[in-house]
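*Asks:* pasting the sequence and the predicted coordinates here, then a few questions.
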Amino acid sequence: MNLSKDRMVTSVWTAVATVVLVSAMAMAADPAADSTTNTKRGFPVDWSSRHVMLTGSTTSGALKAGLSDPRHVYSQVRRMVAVRNAKLERDRERRGERERRRRKLPKVDWSVSLEKGFVPANQFPAKFSFDVTSEDCTGDFVLFGLTVSQTQANLVGINNLYAEATPPCNSGKPWVAFAYNTVTHSNGQIRTSPVLSVDGTKAAFVESTAGGSYFHVIVLPNPIPSPPSQTGSVLSPSTPASCGTPTIVNCMTTLTISAAANTVSSPWVDYNNDIAYVGTDDGKLYKISPVFGGGAPALINDANWPVTVVTSGSSNVLTGPVVDANAGRIFIGDANGYLYAISLSAPAKATAARVPIGWVGHGAGTGVVDPPIVVNDSANPAVDQVFSFTGCSNVLGVGGAINQIPANFTSTTSYTAVDLGSRSGSGDCTTGNVHSGTFDDAFWTGGSATGHMIACGFVSGTNGTPLQPSNPKMYKLGFDVNHLITATGQATWVVNSTKGDECSPLTEFSNGTTDKLFFGVGSAGGSGDGFVESSSLTAGFPSPGTCSVGNPTSTCVTAPKALGGTSGIIIDNQLSNGGSNIYFTTLATGSVNGQNCKATGGTNAPFCAVKLTQSGLQ
């Protein structure tokens with residue numbers, strides 16, 4: 001793109017982010033106020049939302065950071081809305097307008113059949129909220145990209161999400177508003193997370209086959225259909241028309257990225273510059289532009305791109321890339337166990353730095369399987385910090401690990417590794433993966449001076465030779481005076497007693513009253529368990545207790561046997577009752593808390609898209 005177009009695109013995204021934040025500020029100042037204009041003030045939440053973080057931010061600070069990445073604005077807005085909702089709820093209680101809620105076992109708000117498709121364990125749905133000031137039954141939707149190559153939908157949008165709204169959307173019944181079969185090549189699947197444009201009108205995703213990967217941009221129905229209208233269904237999907245530029249509703253562009261597959265690298269969109277970055281399983285990172293701006297998406301092939309990231313090791317599979325404009329770098333991991341930094345402006349087809357995070361060359365569990373998290377720490381603002389995760393550390397005596405390194409690291413920079421269990425003391429580990437952790441609300445507000453990171457690792461001591469399975473354990477870790485993560489004073493609890501179970505990537509959200517942690521648990525080997533759990537991130541970090549199949553508790557939702565965990569969990573804030581909604585898919589077929597999502601004419605035991613409210617997991 002030329003400079004004038006760069007400036008034009010940046011001004012568009014900045015204008016959208018400004019409207020969203022100003023609307024949230026006005027709403028927070030006057031909760032009774034509502035918009036009288038038709039200005040769209042919505043925003044997306046997807047896999048990338050949790051991988052860049054600005055702590056201790058004011059509204060002006062978030063808006064300034066939003067000049068380079070609007071994700072900072074959207075994160076600020078979500079927390080402002082949560083605080084506002086909590087205040088409204090307390091006011092209603094004081095006025096006696098809300099009945100006292102009985103403590104009850106969690107229920108599933110709804111589950112919808114996805115037939116033979118699901119979102120993989122470390123991938124995420126995407127959510128679009130039409131307006132920051134009110135929930136919208138039609139305009140708010142969740143998008144699921146499904147790992148399936150059948151005569152069914154593999155890209156599904158569900159609206160009428162709010163079963164507990166006042167009044168409930170569509171009498172409490174969700175609606176498959178659109179469903180597409182986007183397969184363009186034999187056995188093509190969506191194996192990574194989709195991303196949405198800032199206005200929710202387009203989606204980008206990667207189709208993967210054994211012989212190639214393909215970047216698609218699809219123009220979604222506008223407006224989103226409401227009952228009884230729909231654009232396709234899961235069983236009878238619509239086939240999008242092929243188009244060169246993504247400008248016409250229900251059309252889809254197709255760009256060949258590589259002859260290699262893409263199994264875990266979700267595309268990262270730089271909204272301000274209308275650029276996507278995506279990795280492939282041959283260890284290369286690609287740059288694509290434009291994306292959502294209306295032109296034909298094209299690979300950038302010049303003196304800088306593509307970048308050959310992986311140059312040695314037994315596996316070339318890359319995680320999703322994370323762009324940090326503040327550091328001027330892209331961060332990405334690989335299945336060998338390396339963390340890489342790539343110059344954002346002038347990579348010259350090569351990486352700037354590489355450090356071994358996992359125990360390279362020692363098999364399963366040693367790789368970096370989830371994208372890193374990049375933090376601008378208000379308590380230590382000089383250099384951004386990068387956090388990465390592995391099931392088996394390169395550091396002697398450490399098993400699963402959280403690793404912290406400054407964003408300007410070189411290939412010889414030392415890093416801090418904190419043990420997450422399952423090691424004998426001589427570097428041997430189980431084959432289990434450690435997925436990305438999260439930070440508590442105290443970290444959002446005060447950074448490393450007051451906050452903590454939470455991660456799910458393993459119980460230490462496997463009482464056997466290397467590569468023995470272990471059961472999962474949760475860790476809450478603080479920071480020392482040098483702002484480095486530390487095990488000193490850590491709080492922990494054992495998730496369950498099933499060896500081989502792993503936690504999904506962790507999701508945190510404070511609803512303005514309670515700071516909550518959400519995660520799925522299970523084992524890909526099919527050990528017969530599968531749960532969705534929650535915990536309060538209080539000072540004592542109390543254990544929520546264990547959960548077993550068929551025995552839901554006040555902090556646990558059971559799911560089908562052999563679930564293998566859940567997909568990544570997307571969360572939003574529901575305006576009508578102050579609760580937070582969570583969305584995910586099951587990883588095995590069957591029911592959730594006894595609620596079977598079977599659709600008329602469909603398979604008896606499908607995979608399910610599921611919604612819960614936070615109030616059901618308290």
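*Replies:* Right, received. Where do you want to start? It should be emphasised that the depicted structure is a prediction, and the values quoted were computed from it without experimental measurement.
*Asks:* in the stretch 51-200 of the chain, which spans are helices?
*Replies:* 59-66, 71-94 (DSSP state H, counting those that start in this stretch).
*Asks:* which stretches in the stretch 201-350 of the chain count as strands?
*Replies:* 202-209, 212-219, 241-242, 251-258, 268-270, 275-279, 284-289, 298-299, 307-308, 322-324, 329-333, 338-343 (DSSP state E, counting those that start in this stretch).
*Asks:* out of those, nearest to Ser314?
*Replies:* strand 338-343 (11.8 Å; C-beta to C-beta). C-beta coordinates here come from the backbone N, C-alpha and C atoms, glycine included.
*Asks:* who are the packing partners of the helix or strand that that closest one is followed by?
*Replies:* As assigned by DSSP states H and E, the chain's next helix or strand after strand 338-343 is strand 353-356. With contacts defined as 3 or more C-beta pairs under 8 Å, 6 or more residues apart in numbering; DSSP states H and E, strand 353-356 has these neighbours: strand 338-343.
*Asks:* so, low pLDDT: which residues of the stretch 1-150 of the chain?
*Replies:* 1-41, 82-106 (pLDDT under 70).
*Asks:* could you export the strands of the stretch 201-350 of the chain as JSON lines, including mean neighbour count and distance to Ile190?
*Replies:* Shown next, in JSON lines, are those (neighbours: other C-beta atoms under 10 Å; distance: least, C-beta to C-beta, whole Å):
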{"stretch": "strand 202-209", "mean neighbour count": "25", "distance to Ile190": "5"}
{"stretch": "strand 212-219", "mean neighbour count": "24", "distance to Ile190": "9"}
{"stretch": "strand 241-242", "mean neighbour count": "11", "distance to Ile190": "17"}
{"stretch": "strand 251-258", "mean neighbour count": "19", "distance to Ile190": "12"}
{"stretch": "strand 268-270", "mean neighbour count": "23", "distance to Ile190": "16"}
{"stretch": "strand 275-279", "mean neighbour count": "27", "distance to Ile190": "13"}
{"stretch": "strand 284-289", "mean neighbour count": "22", "distance to Ile190": "17"}
{"stretch": "strand 298-299", "mean neighbour count": "14", "distance to Ile190": "20"}
{"stretch": "strand 307-308", "mean neighbour count": "19", "distance to Ile190": "24"}
{"stretch": "strand 322-324", "mean neighbour count": "23", "distance to Ile190": "20"}
{"stretch": "strand 329-333", "mean neighbour count": "28", "distance to Ile190": "20"}
{"stretch": "strand 338-343", "mean neighbour count": "24", "distance to Ile190": "25"}
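*Asks:* present these as JSON lines; the columns should include mean pLDDT and distance to Thr351.
*Replies:* Formatted as JSON lines, the strands of the stretch 201-350 of the chain follow (pLDDT from 0 to 100; distance: least, C-beta to C-beta, whole Å):
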{"stretch": "strand 202-209", "mean pLDDT": "98", "distance to Thr351": "21"}
{"stretch": "strand 212-219", "mean pLDDT": "98", "distance to Thr351": "20"}
{"stretch": "strand 241-242", "mean pLDDT": "98", "distance to Thr351": "35"}
{"stretch": "strand 251-258", "mean pLDDT": "98", "distance to Thr351": "18"}
{"stretch": "strand 268-270", "mean pLDDT": "97", "distance to Thr351": "16"}
{"stretch": "strand 275-279", "mean pLDDT": "98", "distance to Thr351": "12"}
{"stretch": "strand 284-289", "mean pLDDT": "98", "distance to Thr351": "9"}
{"stretch": "strand 298-299", "mean pLDDT": "98", "distance to Thr351": "19"}
{"stretch": "strand 307-308", "mean pLDDT": "98", "distance to Thr351": "7"}
{"stretch": "strand 322-324", "mean pLDDT": "97", "distance to Thr351": "14"}
{"stretch": "strand 329-333", "mean pLDDT": "98", "distance to Thr351": "9"}
{"stretch": "strand 338-343", "mean pLDDT": "98", "distance to Thr351": "5"}
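*Asks:* so where is the stretch 401-550 of the chain shaky, pLDDT-wise?
*Replies:* In the stretch 401-550 of the chain (pLDDT under 70), the answer is 424-428, 461-467, 524-528, 549-550.
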